[in-house]
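In: for reference, the sequence and a predicted model appear below.
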Amino acid sequence: MARLLRPLTRWTTYTRFLHLWVPMLVSSVWIFIDPATPWAPALVLPLLGLIPAVRRGEGVQAQVMLMRDGDDPAVSVVPSATWRDRLRTVLWLQARMVLGWAAAGVSVWLPLITVDLIRISTGYVPDDNPFLPVPHAHWAYALLAPLPLIALYGAFIGLGTLITVLACRLLGPSAAERVAALEERTEQLLERTRIARELHDSIGHALTVAVVQAGAARAAGDPEFTDRALLAIEDTGRAALEDLERVLGVLRESRGPASGRPTLVEADRLLESARGSGAKIDAELTGALETVPGPVSREGYRILQECLTNVLRHAGSVPVRVRVAVEERTLSLEVRNPLTAEIPGGPGSGVRGSGLRGIRERAALLGGRARTGPDDGDWQVHVELPLR
């Protein structure tokens, strides 16, 4: 019994029935204007469905009054873009009008029938109810009085469910809208992946430098070296905080400005940070780095950062050769260091190498390619990114 009465506790049960009554307001006003043609709104109102903006208004009403979630994607809230959308809106308005008349009829006549059944059981025989012709009064009619109310309850729930199903079918997103929503969802996932990489690269690099510097200072036992190590940790931490602020800015805004992210023009700062951690870096930057397109330069910076982080984390203070060359059509970036068992993906390393996978994914996203692995006794990361 409680399960049968549960719909009465839901707010949408009443808003759905109210939604069915809205078209009846127009019909009621028209009856006062021209009682001879009460059916006129049923012919004129659906034609409004040809107006693109009407679909948006109907979609907003359906989401607010029919759906349990006020922002249900099953109903579209954009104007009609095609004739198919317009025709679906016309069918929706016609169905809403028909179901509205049905809701109005049952909500008026069924309670009146219940009242008349009670009156008949008390000895009064009404002659103005076409749905209840009775020959004479009798007390047994009181036993039938609940039946119209039960029928009203069924119509109350059934018509609300039916109008909701029709709304999903006729006001639901078109194929083009579903594709657009899928593309937007894909963009959001790509943005989240990019943010995760930003955090991995900037914060991971800073922590690696800090750990290496702290370990070297503790092992050296030299106050002067310890001061230099603390200075390097401070500079690296400050740069990481700046990167973190940029990433958080992207999280706060759906389309954060990409211009605030570091580029290869700032590669010297990155190289000095790695040198301060003990790495012996031989760097050669050729070409006009400032002419590299923004997306390529930003991703190139992150790739170089990930390469240096891997060297410090898995190889320690070893000689590193860095070559960055801006050519006519490509940006070439190469990082080489002596091969050790601790290099990700190297022999016997046991390291999963998620950073290397991120490098390859960054390069592929820009239409470039990345090669990682042993090469002539060294561990090599070689990346080529197209400039156009």
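Out: That came through, no problem. Numbers count the residues shown, from 1 in each chain.

In: any stretches of the stretch 251-388 of the chain with poor pLDDT?
Out: 251-260, 340-354 (pLDDT under 70).

In: beta partners for the closest residue to Ala288 other than its chain neighbours?
Out: Nearest residue to Ala288 in three dimensions, chain neighbours excluded: Val326, at 5.8 Å (CB to CB, 6 or more residues apart in numbering). Any C-beta I mention is one placed from the backbone N, CA and C, and that applies to glycine too. When assigned by DSSP bridges, Val326 has beta-bridge partners Leu331.

In: burial of Val326, as a residue count?
Out: Look at Val326: counted by other CB atoms under 10 Å, it has 21 neighbours.

In: same check on the one 10 residues further on?
Out: Other residues near Arg336 come to 21 when the count uses other CB under 10 Å.

In: can you tell me how far it is from Thr372?
Out: 11 Å (CB to CB, to the nearest Å).

In: repeat that for Val296.
Out: With CB to CB as the criterion, Val296 and Thr372 are 19 Å apart.

In: cool, Trp139 as well?
Out: Computed as CB to CB, the Trp139 to Thr372 distance reads 93 Å.

In: then Arg360?
Out: Taking CB to CB as the measure, Arg360 falls 7 Å from Thr372.

In: and those two? Which one has more around it.
Out: Thr372 (23 against 18).

In: just the helices in the stretch 201-350 of the chain please.
Out: Assignment of helices within the stretch 201-350 of the chain using DSSP state H, counting those that start in this stretch yields the ranges 223-252, 267-276, 294-314.

In: what residue lies at the spatial centre of the chain?
Out: Geometric centre of the chain, nearest residue: Arg185, 4.9 Å, by CA atoms, centre = their mean.

In: hmm, what's the outermost residue in this protein?
Out: Here the chain reaches farthest from its C-alpha mean at His136, the gap being 66.4 Å by CA atoms, centre = their mean.

In: looking at that one now. What's its pLDDT?
Out: As predicted, His136 sits at a pLDDT of 70.

In: tell me the SS of it?
Out: Three-state call for His136 (DSSP: H, G, I helix; E, B strand; the rest coil): coil.

In: re the thing from before, deepest in the core, which of the helices of the stretch 201-350 of the chain is it.
Out: helix 294-314 (a mean of 23; mean count of other CB atoms under 10 Å).

In: output that helix as PDB, restricted to C-alpha atoms.
Out: In PDB, the C-alpha atoms belonging to helix 294-314 read as follows (Å, rounded to 0.1, in the frame of the first residue of the first chain):
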ATOM      1  CA  GLY A 294      52.300  28.800 -28.500                       C
ATOM      2  CA  PRO A 295      50.900  25.300 -28.200                       C
ATOM      3  CA  VAL A 296      54.100  23.700 -29.600                       C
ATOM      4  CA  SER A 297      56.300  25.800 -27.300                       C
ATOM      5  CA  ARG A 298      54.300  25.100 -24.200                       C
ATOM      6  CA  GLU A 299      54.200  21.300 -24.800                       C
ATOM      7  CA  GLY A 300      57.900  21.400 -25.700                       C
ATOM      8  CA  TYR A 301      58.700  23.000 -22.300                       C
ATOM      9  CA  ARG A 302      56.700  20.300 -20.500                       C
ATOM     10  CA  ILE A 303      58.400  17.600 -22.400                       C
ATOM     11  CA  LEU A 304      61.900  19.000 -21.600                       C
ATOM     12  CA  GLN A 305      60.800  19.300 -18.000                       C
ATOM     13  CA  GLU A 306      59.700  15.700 -17.800                       C
ATOM     14  CA  CYS A 307      63.000  14.500 -19.400                       C
ATOM     15  CA  LEU A 308      65.100  16.400 -16.900                       C
ATOM     16  CA  THR A 309      62.900  15.200 -14.000                       C
ATOM     17  CA  ASN A 310      63.300  11.600 -15.100                       C
ATOM     18  CA  VAL A 311      67.100  12.000 -15.300                       C
ATOM     19  CA  LEU A 312      67.300  13.400 -11.800                       C
ATOM     20  CA  ARG A 313      64.900  10.900 -10.400                       C
ATOM     21  CA  HIS A 314      66.300   7.700 -11.900                       C
END
